[in-house]
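Q: Return atomic coordinates for the entry below.
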Amino acid sequence: MKAATITQPNQTSVISAPEPTVGTDDVLIKVRAAGICGTDIHILKGEYEARYPLIPGHEFSGEVAAVGANVTRFTAGDRVTADPNVPCNRCYFCQRNEPNQCRNLGAIGVTRDGAFAEYVVAPEGNVFPIGDIPHDAAALIEPLACVVWGLKQVEIQPGDSVVIIGAGPMGCLLLQAVKRAGAARIVVVDRGEWRLRLAGELGATETILANGAHDRKLMALEPFGYDVVVDATGAPSVIQGMFAYAKPRAKLWVFGVAPTGAKIEIIPYDVFRKDLKIIGSFAVNRTFPQAIALIEQGAVQVMPLISHRLPLDEFARGLEMAQRDPARMKVQFVPG
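A: Now for the predicted structure:
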């Protein structure tokens, strides 16, 4: 099969690879759409937990091509997606029903070969039917499931004011989710005017261009600060700046993926004095069914977030576009 690989940090190749071996409890999926995530860029740069060479890609959908001998829920031709996270189901955290904190966590496209290929294999327990959801939309179920997991922890309250920093694909998923959860004011900040226009179309109450004057504009809207401050960039400098927008008893939601080892400075007294809560949300935690329902019922719009669809042969171009092209949102590969 054709597959796109990261051979070592900052080096890629499109190769002919063996089709994945299907174990007795596995499902072989013919990939129809697979999206580039910010995590893939961190893997490319050597900033994330991964091993090389690697076929990345963990946001995907496709059709069942074959199943293992013990698989009972799926047959060839079924339209599916898969949770890429593979916990051990034996360690302390798995036994506490916290599989995203598994001590031996594996992940399709991170620790094992993923979906930037014609075929990918997943354990049956990780596979979900997608019904009539288009394949390109279904490839956004995984990132939305990440949003849902964070939302469960942040617990947006009716009438909350929220500022989201970053209007990329994740920022636009976040704004739709917090709106559905009951937030009344949702302000989105970004450096791209066209991204802000899209955020407005998707439900942001106000959008602010990050141009040096955005701090003043943000605080003019909410002089005491915001109930929830969300980072959707992963930039350490942005995460450090979140505290300036937090009202007393605010929640600071660290959603973006910062490089491993990156550090920021905070003032502990402010966290203490203002009753602040700092909330991280890593990956998904049994939240695929909710994400599927949100897309299936039209509660969250994902099709406007897809800006580019490329063949696997343009893997290097797609990665470059995902990092530097100001006119892109979600870049997807369409194998074959």
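
Q: When you work out contacts or count neighbours from here on, use the C-alpha atoms and nothing else.
A: Will do.

Q: Would you map the helices across this protein?
A: Listed in chain order, the helices of the chain (DSSP state H) span 38-45, 92-95, 135-138, 141-154, 169-181, 193-201, 214-221, 236-241, 268-273, 288-296, 315-324.

Q: Tell me the span between the first and last residue of stretch 104-116.
A: 24 Å (C-alpha to C-alpha, to the nearest Å).

Q: May I see the helices of the chain arranged in JSON lines, with mean neighbour count as well?
A: Below are these laid out as JSON lines (neighbours: other C-alpha atoms under 10 Å):
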{"stretch": "helix 38-45", "mean neighbour count": "20"}
{"stretch": "helix 92-95", "mean neighbour count": "15"}
{"stretch": "helix 135-138", "mean neighbour count": "24"}
{"stretch": "helix 141-154", "mean neighbour count": "22"}
{"stretch": "helix 169-181", "mean neighbour count": "24"}
{"stretch": "helix 193-201", "mean neighbour count": "19"}
{"stretch": "helix 214-221", "mean neighbour count": "14"}
{"stretch": "helix 236-241", "mean neighbour count": "17"}
{"stretch": "helix 268-273", "mean neighbour count": "12"}
{"stretch": "helix 288-296", "mean neighbour count": "19"}
{"stretch": "helix 315-324", "mean neighbour count": "16"}
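
Q: Tabulate the ones you listed (JSON lines), appending distance to Ala3 and mean pLDDT.
A: As requested, these are arranged in JSON lines below (distance: least, C-alpha to C-alpha, whole Å; pLDDT from 0 to 100):
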{"stretch": "helix 38-45", "distance to Ala3": "15", "mean pLDDT": "94"}
{"stretch": "helix 92-95", "distance to Ala3": "32", "mean pLDDT": "98"}
{"stretch": "helix 135-138", "distance to Ala3": "19", "mean pLDDT": "98"}
{"stretch": "helix 141-154", "distance to Ala3": "21", "mean pLDDT": "98"}
{"stretch": "helix 169-181", "distance to Ala3": "25", "mean pLDDT": "98"}
{"stretch": "helix 193-201", "distance to Ala3": "31", "mean pLDDT": "97"}
{"stretch": "helix 214-221", "distance to Ala3": "43", "mean pLDDT": "95"}
{"stretch": "helix 236-241", "distance to Ala3": "33", "mean pLDDT": "96"}
{"stretch": "helix 268-273", "distance to Ala3": "47", "mean pLDDT": "97"}
{"stretch": "helix 288-296", "distance to Ala3": "26", "mean pLDDT": "98"}
{"stretch": "helix 315-324", "distance to Ala3": "9", "mean pLDDT": "95"}
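
Q: need the contact list for the residue nearest the centre of the chain.
A: Against the mean C-alpha coordinate of the chain, by C-alpha atoms, centre = their mean, the closest residue is Pro143 at 3.3 Å. When contacts are counted by C-alpha atoms under 8 Å, 6 or more residues apart in numbering, Pro143 is found next to Glu59, Met170.

Q: Go again with 10 Å.
A: Pro143 makes contact with Gly35, Cys37, His58, Glu59, Pro169, Met170, Leu173, Leu174, Ala283, Val284, Phe288, Ala291 under the criterion C-alpha atoms under 10 Å, 6 or more residues apart in numbering.

Q: How about Ile156?
A: The contact partners of Ile156, by C-alpha under 10 Å, 6+ apart, come to Val162, Ala177, Val178, Lys179, Arg180, Ala181, Gly182, Ala183, Asp227, Val228, Lys251.

Q: which of those sit farthest apart?
A: Arg180 and Lys251 (17.8 Å; C-alpha to C-alpha).

Q: on that earlier part again, with respect to Met303, which of the contacts of Ile156 is nearest?
A: Ala177 (15.2 Å).
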